[in-house]
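**Student:** sequence and predicted model, in that order:
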Amino acid sequence: DTAVSQTPKYLVTQMGNDKSIKCEQNLGHDTMYWYKQDSKKFLKIMFSYNNKELIINETVPNRFSPKSPDKAHLNLHINSLELGDSAVYFCASSLAGGGDTQYFGPGTRLTVL
Amino acid sequence: SQQGEEDPQALSIQEGENATMNCSYKTSINNLQWYRQNSGRGLVHLILIRSNEREKHSGRLRVTLDTSKKSSSLLITASRAADTASYFCATVEKGSNYKLTFGKGTLLTVNP
């Protein structure tokens, strides 16, 4: 009965590879987010979708492409992985926007070698 | 750009003591939220305070907001070892309905 789930929990891959991280929420929320947390624990928003529509895209390289097949899912695909992409990626959801409380997934630790 | 700045960056106290963390921000906000992150885990929402509120309580947590000084504080009373975590403030800027901007966080260690 996990509210926001992500898979995989850990991802280790070589530079240049393409990988995907999946996120699902069972809270019935309309809005979903992707955040990146770097090694200094700084958390920065990457994307936000509301009812499958992209509403925030924070100057993220276009190697990162989010996809929302329905409002319960927001996946993140990363092409041509670079060393600097190593981080923990968090998915989150909220009921609507307007600064609602956000519910976070457990995170995916991506390590690019 | 970064909005919230927490102070101190790290805080170490004994069980039973109170812990106070501060957050400053730069722009006008709709609300300010505090989150906790245990090591290796996701963030957990603690409390949300709207721009027209000055103080809010939730259990052992007390949050204040001073919009004239663009600052907020989180007080944890009677701390426990289980309170050991990183604490982040996050703001929703006026006019930005969906974007939550996080500070760098305060690492709180509560020693048994």
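**Tutor:** Happy to help now that I have it.
**Student:** list the contacts of residue 21.
**Tutor:** In the absence of a named chain, chain A is used. Neighbouring residues of A:I21 by CB atoms under 8 Å, 6 or more residues apart in numbering or on different chains: A:6-8, A:11, A:75-76, A:78, A:89, A:91, A:108, A:110. From N, CA and C alone the C-beta is placed, and that goes for glycine too.
**Student:** um, chain B though
**Tutor:** B:M21 neighbours (CB under 8 Å, 6+ apart): B:6-8, B:11, B:73-74, B:87, B:89, B:106, B:108.
**Student:** try 6 Å this time
**Tutor:** Neighbouring residues of B:M21 by CB atoms under 6 Å, 6 or more residues apart in numbering or on different chains: B:6, B:74, B:87, B:106.
**Student:** nearest to chain A: which residue in chain B?
**Tutor:** Proximity of chain B to chain A (CB to the nearest CB) peaks at B:V92, 3.3 Å away.
**Student:** my guess is that residue contacts A:G99. True?
**Tutor:** Yes: with contact defined as CB atoms under 6 Å, B:V92 reaches A:G99; the gap is 3.3 Å.
**Student:** mutual contacts of those two, please.
**Tutor:** Common neighbours of B:V92 and A:G99 (CB under 6 Å, 6+ apart) are B:30-31.
**Student:** flag every residue of chain A that's near chain B.
**Tutor:** A:41-43, A:45, A:48, A:55-56, A:90, A:97-99, A:101, A:104-107 (CB under 6 Å from any CB of the partner chain).
**Student:** if you set the cut-off to 7 Å instead, what comes out?
**Tutor:** Residues of chain A lying near chain B by CB under 7 Å from any CB of the partner chain: A:31, A:41-43, A:45, A:48, A:50, A:55-56, A:90, A:97-99, A:101-102, A:104-107.
**Student:** for the chain, just list every one of the strands.
**Tutor:** If you meant another chain, say so; for now it's chain A. For chain A, the strands defined by DSSP state E occupy A:4-7, A:10-13, A:19-25, A:31-37, A:43-50, A:53-57, A:64-70, A:73-78, A:87-94, A:103-104, A:108-112.
**Student:** actually, chain B is the one I wanted.
**Tutor:** B:5-7, B:10-14, B:19-24, B:29-37, B:43-50, B:55-58, B:61-66, B:71-76, B:85-93, B:100-102, B:106-111.
**Student:** how about these in a markdown table, adding distance to A:N17 and mean pLDDT?
**Tutor:** Listed next are these as a markdown table, based on distance: least, CB to CB, whole Å; pLDDT from 0 to 100:
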| stretch | distance to A:N17 | mean pLDDT |
| --- | --- | --- |
| strand B:5-7 | 36 | 78 |
| strand B:10-14 | 36 | 95 |
| strand B:19-24 | 38 | 95 |
| strand B:29-37 | 28 | 94 |
| strand B:43-50 | 28 | 95 |
| strand B:55-58 | 44 | 96 |
| strand B:61-66 | 43 | 98 |
| strand B:71-76 | 41 | 97 |
| strand B:85-93 | 30 | 93 |
| strand B:100-102 | 29 | 89 |
| strand B:106-111 | 33 | 96 |
